[in-house]
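>>> Let's see this in three dimensions:
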Amino acid sequence: MRGVDRSYLSQWWKQVRRDSATLLLAATALIALMLAFHRFLPWRAVWVAAIAAAISPAMVFYSRYAIHEMWLPFFTLLAVYGGCGILRHEGRIRDLWAFGAGLAGMVLTKETYLVHWIA
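Here you go, the predicted model:
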């Protein structure tokens, strides 16, 4: 019976590590995407916003749990980034792809994406 318990705990720990790595990736990508906004905003404002987001209580709280709450801000910011690029009329196909991927990610991540679209 002990072998089964250890095996179960071993599998559980592997899943926890995998989920934590995924959330770390999402949080890091979110901050990196915030830094990419230097295309539209002053560099100092972008850095202050990225640091504030990285140490914010909500970011710290949600980054501890293996739920999809980290992915929604990332996809929302990706859609905003693409939308800002489209509105500047620079003609970059990357911006259209970022906008589309952000909207698709929002829809696939959480059922309350309409609240973010309307806001």
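>>> Give me the below-cutoff pLDDT ranges for this structure.
The chain contains residues with pLDDT under 70 at 1-19, 63-68, 116.
>>> mind listing what the spatially most central residue of the chain touches?
The residue lying closest to the centre of the chain (CA atoms, centre = their mean) is Phe74, at 2.5 Å. Applying CB atoms under 8 Å, 6 or more residues apart in numbering, we find Phe74 in contact with 26, 29-30, 33, 105. Bear in mind the C-beta positions are built from the backbone N, C-alpha and C, glycine included.
>>> again, but for Trp71
By CB under 8 Å, 6+ apart, the contact set of Trp71 is 26, 105, 109.
>>> what about 10 Å?
Each residue near Trp71 by CB atoms under 10 Å, 6 or more residues apart in numbering is listed here: 22-23, 25-27, 29-30, 105-106, 108-110.
>>> quick one on the thing from earlier: so which of the contacts of Phe74 wins on neighbours?
Counting neighbours by other CB atoms under 10 Å, Leu30 comes out on top of the contacts of Phe74 with 23 neighbours.
>>> Quick check: what element follows the helix or strand harbouring that one along the chain?
Here Leu30 sits within helix 2-35, counting by DSSP states H and E. For helix 2-35, the succeeding helix or strand toward the C-terminus, using DSSP H and E, is helix 43-54.
>>> thinking again about what came up before, could you measure the residue nearest to the centre of the chain against Arg44, distance?
For Phe74, the distance to Arg44 (CB to CB, to the nearest Å) stands at 23 Å.
>>> and the gap between Glu111 and Leu30?
Glu111 is 20 Å from Leu30, by CB to CB.
>>> Quick check: Lys110 touching Trp117?
No - shown here, Lys110 and Trp117 do not form a contact pair, counting by CB atoms under 10 Å, at 11.6 Å.
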